[in-house]
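Predicted coordinates and the sequence they were generated for:
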Amino acid sequence: MEALKLCCHSSFNLQNHSTDKKQLPIFSTVPLHSKNVSFMKEPSSVSSNSQTLFSSLNFLENPSQELQNKHGVSRNKLIMEFTEHGLFEDAINVYLRMLQNGLQVQDFNFFPCLIKAFGGLSNVKRSRQIHAHVLKLGFLADVYVVNALLGMYFKCGEIEDAVQVFDKMSERDVVSWNSMISGFCQSEDYFGSLMIFSVMIKEHGMFPNRVGCLSALTSCASIESLIHGREIHGFVVKNGLEFDEFLVSGLIEMYMKCGEVRNAEHVFISVVNKELARRNTVIWNVMISGYVSNQCLTKAMEFFIEMLELGIKPDSATIVAVLVVCSQLSELSIGKQIHRLIVPFGLEKDIRVKTALIEMYFKCGHLEDGLKIFRRSQNDNLVMWGAVISNSVQNECPFVALELFCDFMLKYGLPDSLMLLAVLRACSSLALKSNGKEIHCLAVKTGSASDLFVGGALVDMYGKCGYMESAQNVFSRLHQRDLVSWNALLCGYSQNEWVGEALAAFRDMQCEGVRPNSVTITCILSICAHFSVRILCKEVHCFLIRQGWKSDILVSNSLVAAYAKCGDVNSSWIIFEKMHERNQVSWNTIISALGMHGHTEKMFVSFENMKQAGMKPDRITFTALLSACSHTGRADMGCKLFQCMLEEYKLQPQVEHYTCMVDLLGRAGHLKQAYDLIMAMPCDPDDRIWGSLLRSCRSRGDEKLAKVVANHIFELDATSIGYRVLLANLYEDLGKPSEVLKVRSEIKDMGLKKQPGCSWIEVDNNINIFAAADCSHHQSEAIYAVIDNLTREIKRAGYVPHLPLRTALPDEADF
């Protein structure tokens with residue numbers, strides 16, 4: 001119990017204190033026999049539900065007469081009824097009218113009920129007024145009145161006030177202790193709740209009743225404290241409460257929340273033969289929900305079926321839990337059957353059930369069915385709107401999410417933070433900066449911009465839109481930064497190629513005590529891969545080893561890809577071989593790595609091993625295979641793989657597959673076949689596939705086809721300077737200076753500028769960067785000297801260079 005003692009409040013002094021004499025204003029203005037009550041509300045403030053009863057009261061001028069109306073309804077009883085039905089203002093108004101008409105407060109015995117009405121309003125100021133009122137009247141010696149004050153302050157969220165009242169109690173009964181245990185639990189101070197439970201038994205020798213035990217079990221479940229939960233279980237059994245239906249539910253929930261499924265089952269089995277407990281829907285619900293939270297989804301469904309077979313009628317909580325099972329298992333057929341049960345069980349208007357049903361259809365990929373239910377509902381429930389918008393984003397329908405969000409704004413006004421979070425993700429996926437900025441303004445307006453999750457989503461959105469300065473500004477304003485917000489910043493740096501900033505942020509997050517996860521490492525490795533910096537890749541790898549990083553499939557896949565792109569395919573292969581678990585991405589990555597480096601035979605062996613391991617090749621697999629065949633001149637094998645993809649695996653080729661095939665056929669000299677393939681493909685060709693054929697036309701000197709291909713390219717992108725230069729080079733190769741001049745003049749007239757070529761190489765752990773016609777490198781003289789020597793050597797070997805027709809052309813530096 002040491003952990004509980006650490007949470008002990010310093011104000012818990014169990015000695016008696018002198019009574020607080022401080023008086024609060026409103027009730028202090030009321031004389032004990034006053035007929036003029038200045039703080040009375042107008043009659044119009046009485047709710048419509050109670051108007052008839054209230055107006056039927058006959059307030060007598062003579063206070064000595066019995067306070068009873070002509071229907072025989074006691075006004076004291078009326079206060080009780082109003083309070084029980086949640087009509088708190090009306091209950092208070094009855095008491096005030098009674099005071100106005102000369103109530104002898106010494107004869108009023110319903111202060112606990114009246115105090116409960118004040119607590120129901122959750123208004124701290126008014127709660128303190130009734131406290132001052134009963135203090136002035138001298139009723140604080142009554143334990144029932146003080147117990148009611150404890151409950152009132154906890155409902156108002158004023159824990160310190162409740163503790164002070166408890167400290168000053170001259171007498172405490174079981175209800176007093178239970179109020180404290182329950183109050184701390186409801187205030188989410190679970191350690192405090194358990195501490196009170198312990199002190200009550202060990203130091204004061206009092207034993208909690210069912211209410212106290214239930215609250216203590218809820219606290220154990222909330223903090224997953226199994227050891228304390230078992231102690232309370234022992235206490236329950238020892239005191240003969242183990243068959244109490246409420247405590248059975250509490251025990252099952254506690255064990256399920258602590259991951260002790262077997263112990264929860266033992267508790268259930270111990271009461272299942274008791275008729276009342278067996279037919280208790282709540283107990284079955286707790287079991288089903290517990291199975292779901294522990295991912296025992298099949299057992300949850302079996303329990304639901306058994307429940308129906310026993311004739312136990314499910315309620316909304318049952319249906320919601322079972323629909324979650326269907327969502328997680330993508331069991332659309334079972335979900336539809338449960339949908340049919342909703343009307344017979346009278347749950348068709350339940351908002352929670354509707355929301356769970358919509359989510360089930362979304363999770364099973366049937367968006368239209370989910371949206372149909374939502375549109376039929378036509379309600380202003382924020383949770384349902386948020387669920388539909390969020391699921392639309394998750395199902396890759398960001399435009400639907402944005403449209404729904406606009407509808408919500410027009411009908412109901414400002415959204416909550418969860419809805420903003422979902423819409424920001426939609427903006428991120430579409431890289432819509434303008435919409436994202438509008439959402440940012442809404443977040444500021446609603447006070448959600450400083451929210452940790454919304455702030456992280458804003459950073460991610462600006463990063464995806466390429467506005468890293470805005471992402472940095474939002475990130476710097478976050479009061480608290482968790483791993484998600486750091487990862488959003490790092491991924492933004494990675495996607496926008498801010499290498500130095502990404503590495504600096506990686507160091508800063510560790511300095512702030514935030515431990516990186518697999519997403520963080522993947523972002524850093526993607527930078528290593530993009531810039532082919534092998535030394536940096538090795539540093540990250542060593543960092544993982546030093547940190548004792550356990551084998552992670554996502555990180556291992558990233559390492560394989562990073563080493564391959566840095567030119568070290570051997571290290572890629574070693575890491576792949578040491579992987580204890582491999583998924584489809586692992587196999588695709590190593591196949592792509594081997595193909596990239598020309599190890600085609602090893603690549604084909606890996607492809608066969610992938611199939612033997614039970615992995616089904618996907619479109620990415622065939623893209624890697626076809627690309628390797630193209631670059632290594634394996635035209636026959638490439639054609640076979642393309643047919644295999646279509647016929648054996650029934651995969652519809654995408655543009656990237658056709659691009660590989662066009663490149664493969666073009667390199668093999670089959671230009672006509674390549675052109676026919678583009679014209680016959682079911683998807684629209686892009687400039688890359690036409691550009692691949694244009695390169696083949698240049699290498700084969702096919703001017704006629706090149707003109708046709710170039711027209712297709714310029715229809716798609718008239719400002720593409722790269723392909724115009726390629727066409728000019730083709731004419732130059734064919735010795736047609738007039739055509740070359742025409743193309744380059746068009747480039748100049750259009751104001752197009754060709755970006756200079758850039759490359760880099762790693763030598764002795766140093767990165768050396770080179771640009772076209774660049775002389776800034778500190779060893780440029782030696783480098784150009786070596787180039788001259790190599791040029792002379794290849795000329796001696798018989799190479800005749802093709803010299804460009806410079807005399808007929810403008811200077812290339814003009815472009």
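Good, I have the coordinates. Here the structure is a predicted model, which is why all the values come from computation and not from measurement.

drop to CA atoms for contacts and neighbour counts, all remaining ones
OK.

any low-confidence regions in the stretch 151-300 of the chain?
For the stretch 151-300 of the chain, applying pLDDT under 70 flags the ranges 276-277.

Any idea how many residues pack against the residue lying closest to residue 541 once chain neighbours are set aside?
Distance criterion CA to CA, 6 or more residues apart in numbering; nearest residue to residue 541, sequence neighbours excluded, is residue 559 at 7.6 Å. Look at residue 559: counted by other CA atoms under 10 Å, it has 27 neighbours.

The host helix or strand of residue 559: how far from the chain's middle?
When secondary structure is defined by DSSP states H and E, residue 559 falls within helix 553-565. Relative to its chain's centre, helix 553-565 lies at 25 Å (CA atoms, centre = their mean, to the nearest Å).

could you point out which element follows the helix or strand where residue 672 lies?
Element membership for residue 672 (DSSP H and E) is helix 671-680. Tracing the chain past helix 671-680, the next element assigned as helix or strand by DSSP H and E is helix 687-700.

helices or strands next to that following helix in the packing?
Counting contacts by 3 or more CA pairs under 8 Å, 6 or more residues apart in numbering; DSSP states H and E, helix 687-700 packs against helix 655-667, helix 671-680, helix 703-716, helix 721-733.

Kindly calculate the angle that that helix makes with helix 655-667.
Relative orientation of helix 687-700 and helix 655-667, computed by axes from the mean of the first three to the mean of the last three CA atoms, to 10 degrees: 10 degrees.

Which positions in the host helix or strand of residue 336 come out as buried?
Using DSSP H and E, residue 336 maps to helix 332-342. Buried positions in helix 332-342, judged by neighbour count with 16 or more other CA atoms under 10 Å: 332, 334, 335, 338, 339, 342.

tell me what it is packed against?
Helix 332-342 sits against helix 316-329, helix 351-363, with contacts defined as 3+ CA pairs under 8 Å, 6+ apart.

quick one: contacts of that helix?
319, 323, 326, 327, 348, 357, 360, 361, 364 (CA atoms under 8 Å, 6 or more residues apart in numbering).

burial count for the closest residue in space to residue 257 that isn't next to it in sequence?
Excluding the flanking residues, the one nearest residue 257 by CA to CA, 6+ apart is residue 221, at 5.4 Å. Using other CA under 10 Å, residue 221 has 24 neighbouring residues.

Am I right that residue 221 sits in a helix?
Yes. Counting by DSSP: H, G, I helix; E, B strand; the rest coil, residue 221 falls inside a helix.

wait, it sits on residue 253?
Yes. Proximity of residue 221 to residue 253 meets the contact threshold set by CA atoms under 8 Å, at 6.9 Å.

in the lengthiest helix in the chain, what's buried?
Taking DSSP state H as the criterion, the chain has its longest helix at helix 780-796. When burial is assessed from 16+ other CA under 10 Å, helix 780-796 yields no buried residues.

same deal with stretch 179-196?
Residues of stretch 179-196 classed as buried by neighbour count (16+ other CA under 10 Å): 179-187, 189-196.

Can you check the distance spanned by that stretch, start to finish?
End-to-end distance for stretch 179-196, by CA to CA, to the nearest Å: 10 Å.

what about that stretch, distance to the chain center?
The chain centroid and the centroid of stretch 179-196 are separated by 30 Å, computed with CA atoms, centre = their mean.

Check stretch 537-545 too.
Counting by CA atoms, centre = their mean, stretch 537-545 is centred 29 Å from the centre of its parent chain.

before we move on, what about stretch 249-263?
Here the centre of stretch 249-263 is set off from its chain's centre by 26 Å, with CA atoms, centre = their mean.
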